[in-house]
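Engineer: Sequence first, predicted model second:
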Amino acid sequence: MKKSRFKVGDRVSVLDEDFSGKIVRIHNDIVTVETEDGFELEFSINTLIKIDGRAFESEIFTSKSTQQVIAEKEGFKKRQPKPVKPKERNQAVFEVDLHIHELTKSTKGMTKHDMLNLQLDTAKRQLEFAIQKRIQKLVFIHGIGDGVLKLELQYLFDRYENVKHYDANYQKYGLGATEVYIYQNVKPN
């Protein structure tokens, strides 16, 4: 049996967790750690680091790299959101809701193909209108569904040289919208 680099009473930190504690039991490669809150949790011996100043030696970590891991773990800060420019924050977004109930009073007598064509015709008409009126951003709300409308919209947008499209803001629209950016320096056909 190989000699463990840990012993009962050692203070350790867990590599992929945000807590540390004291070793209370060692059984084979499973170490029971009592957290500072008094909970006993079991971990694989390979996921622990001594924090008493003497870092363990292994093929993976040197003393210096272990200290770097601990410093990174302690120094991890939440990434700050990218500040939004005032111009972009107040910029009005032209939204086009392509849900079928928004486009027609009744779908009675319409096939799925008819509904899809109505949605695509509306999208094309609104896109042409935005290009003509020099509106830079549009959001087409298509919903999630089976993804047929979204794919057809992407095919439509790809036919325009001056249009770039991508998923719209997830926080605001979820997965059911596509944002379109129109480059205004390109002349429409």
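Structural biologist: Received the coordinates, thanks. Numbering: from 1, shown residues only.
Engineer: Could you report the pLDDT at the residue positioned nearest the centre of the chain?
Structural biologist: Ranked by distance to the mean C-alpha position of the chain (C-alpha atoms, centre = their mean), the top residue is residue 170 at 8.9 Å. Note on residue 170: pLDDT of 85.
Engineer: likewise the one 4 residues further on?
Structural biologist: For residue 174, the model assigns a pLDDT of 86.
Engineer: Could you look up the SS state of the spatially closest residue to it that is not a sequence neighbour?
Structural biologist: Leaving aside its sequence neighbours, residue 174 sits nearest to residue 144 (C-beta to C-beta, 6 or more residues apart in numbering; 7.5 Å). (C-beta placed from N, C-alpha, C; glycine too.) Under the three-state scheme (DSSP: H, G, I helix; E, B strand; the rest coil), residue 144 adopts coil.
Engineer: Tell me which helix or strand residue 13 sits in.
Structural biologist: Using DSSP states H and E, residue 13 falls within strand 11-14.
Engineer: Contacts made by that strand with the rest, please.
Structural biologist: If you take C-beta atoms under 8 Å, 6 or more residues apart in numbering as the criterion, strand 11-14 is touched by 6, 19-23, 31, 33, 43, 47-52, 70, 73.
Engineer: Can you list the strands that the helix or strand following that strand pairs with?
Structural biologist: Note on strand 11-14: by DSSP H and E, the next helix or strand toward the C-terminus is strand 20-27. Strand 20-27 pairs in its sheet with strand 11-14 (antiparallel), strand 30-35 (antiparallel), by DSSP bridges.
Engineer: would you turn the ones you listed into TSV with distance to residue 174?
Structural biologist: What follows is the strands paired with strand 20-27, written out as TSV (distance: least, C-beta to C-beta, whole Å):
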stretch	distance to residue 174
strand 11-14	35
strand 30-35	38
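Engineer: Is the nearest residue to residue 158 once chain neighbours are set aside bridged to anything, and to what?
Structural biologist: Setting aside the residues directly before and after it, residue 158 is nearest to residue 165 in space (C-beta to C-beta, 6+ apart), at 7.9 Å. Applying DSSP bridges to residue 165 gives these bridge partners: residue 180.
Engineer: Return the residues in contact with residue 165.
Structural biologist: The contact partners of residue 165, by C-beta under 8 Å, 6+ apart, come to 153, 154, 157, 158, 178, 179, 180, 181.
Engineer: how many neighbours does the nearest residue to residue 47 once chain neighbours are set aside have?
Structural biologist: Nearest non-adjacent residue to residue 47, counting by C-beta to C-beta, 6+ apart: residue 15, 5.0 Å away. Using other C-beta atoms under 10 Å, residue 15 has 16 neighbouring residues.
Engineer: Residue 15 touches residue 50, doesn't it?
Structural biologist: No. Contact between residue 15 and residue 50 fails when scored by C-beta atoms under 8 Å: they sit 11.9 Å apart.
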